[in-house]
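Asks: This is the structure alone, sequence omitted:
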Ligand SMILES: C[S@@+](CC[C@H](N)C(=O)[O-])C[C@H]1O[C@@H](n2cnc3c(N)ncnc32)[C@H](O)[C@@H]1O
């Protein structure tokens, strides 16, 4: 058996449940791959940089989309053009063109911000007349929009979404737009109208006022409700068990991500830092790949990793033989390394902490801090998440080891994480340094941790903008018919009860293979291939029909068989006919139905859809 295979087998044999207990084996494996990699010819590392030629190409593509009436696509292309633009003139052209598409999309506020920025960047004098006319029309449009909404400018709500501090420099100054508005009094009102963003308060917050865990936070895991405990068993690994009852809609987990990244396909539509959809993206001044919704996000991102990631990202984007999945995993493992080592300043501290964590033989409390807490922001807790190393195929472990070695080479060559940037000749020595070897083992562990534990961040229903590592959320096991569902407030993941939950029930989430849309065979295969377990949830054991089949065949319907129950539900049905978002009525329907009938049942399926729409509909 060759050495690499022997090292992989050692990793598999380490048989640790979570991320701890395999440090030595991981380090040996990645060290071996790293040493081979630096001895061989490294791939050409060309950087994707800002340049006016590419900016012009994307601007032209944007123009074609604009002419064909596709404003969304045009805005995205113009954002690309802005990101690649090097000269002030190219930036002004991209911004001016984006403002045209924004105007047509009736995004008047965003249109005005772009016009102002275009003028600020020195938009060519001979074309300014048209731009200023657009600004006047956009201002008019904005006023009409507010009148239509019957909103007094003074009533514009200063919601929690209105982040004054996060407005871009251009938003705050709006110098040129100010010049357009001549009367002083009017100018104040109109400037207010442009800079104040109408609040977009989610429906549930209007009712609930604030997001709060049902029963408050637990002492052992503050992101989890006090009515839930962390448990461990051979069959389920770590998992969550209710110790108190919950009603549909109750918040069971409320958690910010330990680390998050944007998906590549959202680079030019979403903020790289907070993952919000933005039509006014502003670019990183150094690379053509990262854009932000505000100056505040741009500044925060720089100090929280982008300074290190920026040069790596530009090289990654041009590396041959790297498909989308490999780039995605590389981005995630580098981000996780940066967060856990506090951007390279705490490598030694983390190594010492790992030694303490490795000594805990108890699978249930693996990753608990010295204070006995499973903490969403703690590196010790994050690095304790399930790795599935013992059951992963050899090929996958070997691919992860190669990806990890590549990550370390990129970090050593392109960033100053290890003190300075090293040239190819120096790499042989660098990779044998203890801190570098430790980081190599960490990125390898990160590969297996993120592949078993990441959640997609969906701030708008159905739109997966990026991926986050939610440490406490990762303790939830999967069921194809889960008793919870998730939604997002910014980056915060909110997990709510979908049905009445009893003390003693396990808390399940769905990893993506729901019974509603997938056959049992497909689901079981997905769970085995991606998460290495044989799903034994109720919908798998009983082979429930899909949603479509339940609705088409009226599966389990009470309409004809249970007249008393139908009568009991009548007042709530009436309320829902009048207002589909009457959450009190939905919760009552679910409580009554679950007490008297079993799934699969057509009426429960309907009620679940009402519950989800209340929290998920825009
Ligand atoms: C996100 S983790 C969940 C927490 C994990 N049980 C632990 O011990 O940390 C995902 C892994 O948990 C295990 N798992 C998840 N759902 C399961 C289920 N329904 N039955 C058995 N194992 C499950 C699988 O090993 C899966 O790869």
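Replies: Thanks, I have it. Being a predicted model, the structure only gives us computed values, none of them experimental.

Asks: Regarding residue 587, what is its secondary structure?
Replies: Here residue 587 is recorded as helix under DSSP: H, G, I helix; E, B strand; the rest coil.

Asks: isn't it right up against residue 250?
Replies: No: applying CB atoms under 8 Å, one finds residue 587 not in contact with residue 250, separated by 9.5 Å. Any C-beta I mention is one placed from the backbone N, CA and C, and that applies to glycine too.

Asks: For the residue of the stretch 101-250 of the chain found nearest the ligand, grab the count of nearby residues.
Replies: Proximity of the stretch 101-250 of the chain to the ligand (CB to the nearest ligand atom) peaks at residue 237, 2.6 Å away. Neighbours of residue 237 under the rule other CB atoms under 10 Å: 17.

Asks: same question, residue 604
Replies: Count around residue 604 with other CB under 10 Å applied: 20.

Asks: What values do phi and psi take at it?
Replies: Dihedral pair for residue 604: phi -70, psi -40, per degrees, to the nearest 10.

Asks: Could I get the contacting residues of it?
Replies: When contacts are counted by CB atoms under 8 Å, 6 or more residues apart in numbering, residue 604 touches 556, 590, 593-594, 597.

Asks: ditto for residue 100
Replies: With contact taken as CB under 8 Å, 6+ apart, residue 100 is in contact with 66, 134.

Asks: How about the one 5 residues further on?
Replies: Contacts for residue 105 (CB under 8 Å, 6+ apart) come out as 71-72, 75, 279.

Asks: Would you enumerate the residues in contact with the residue lying closest to residue 402 once chain neighbours are set aside?
Replies: Residue nearest to residue 402 in three dimensions, not counting chain neighbours: residue 33, with 5.8 Å by CB to CB, 6 or more residues apart in numbering. Residue 33 makes contact with 4, 401-402, 404-405 under the criterion CB under 8 Å, 6+ apart.

Asks: now, which of the residues you listed lie within helices?
Replies: When the contacts of residue 33 are checked against helices (DSSP state H), the matches are 4, 401-402, 404-405.

Asks: returning to what we had before: buried subset of the contacts of residue 33 as a ChimeraX selection?
Replies: Restricted to buried positions by 16 or more other CB atoms under 10 Å, the ChimeraX selection for the contacts of residue 33 reads:
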select :4,401,402,404,405
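
Asks: so can I have JSON lines of the contacts of residue 33 showing distance to residue 517 and pLDDT?
Replies: Formatted as JSON lines, the contacts of residue 33 follow (distance: CB to CB, whole Å; pLDDT from 0 to 100):
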{"residue": "4", "distance to residue 517": "40", "pLDDT": "79"}
{"residue": "401", "distance to residue 517": "35", "pLDDT": "93"}
{"residue": "402", "distance to residue 517": "35", "pLDDT": "92"}
{"residue": "404", "distance to residue 517": "35", "pLDDT": "95"}
{"residue": "405", "distance to residue 517": "39", "pLDDT": "94"}
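
Asks: Pull the most distant pair out of the contacts of residue 33.
Replies: 4 and 404 (13.3 Å; CB to CB).

Asks: Report whether residue 252 is found in a helix, as I expect.
Replies: No: counting by three-state DSSP, one finds residue 252 to be strand, located in no helix.

Asks: Distance check, the residue at minimal distance from the centre of the chain against residue 385.
Replies: Among the residues of the chain, the one closest to the centroid is residue 457, at 3.0 Å (CA atoms, centre = their mean). Taking CB to CB, to the nearest Å as the measure, residue 457 falls 17 Å from residue 385.

Asks: Over to residue 518?
Replies: 25 Å.

Asks: ok so, going back, next SSE downstream of the helix or strand containing the residue nearest to residue 402?
Replies: Here residue 33 sits within helix 23-39, counting by DSSP states H and E. Moving toward the C-terminus from helix 23-39, the next helix or strand (DSSP H and E) is helix 52-67.

Asks: what comes up buried for that next one?
Replies: 52, 54-56, 58-59, 61-63, 65-66.
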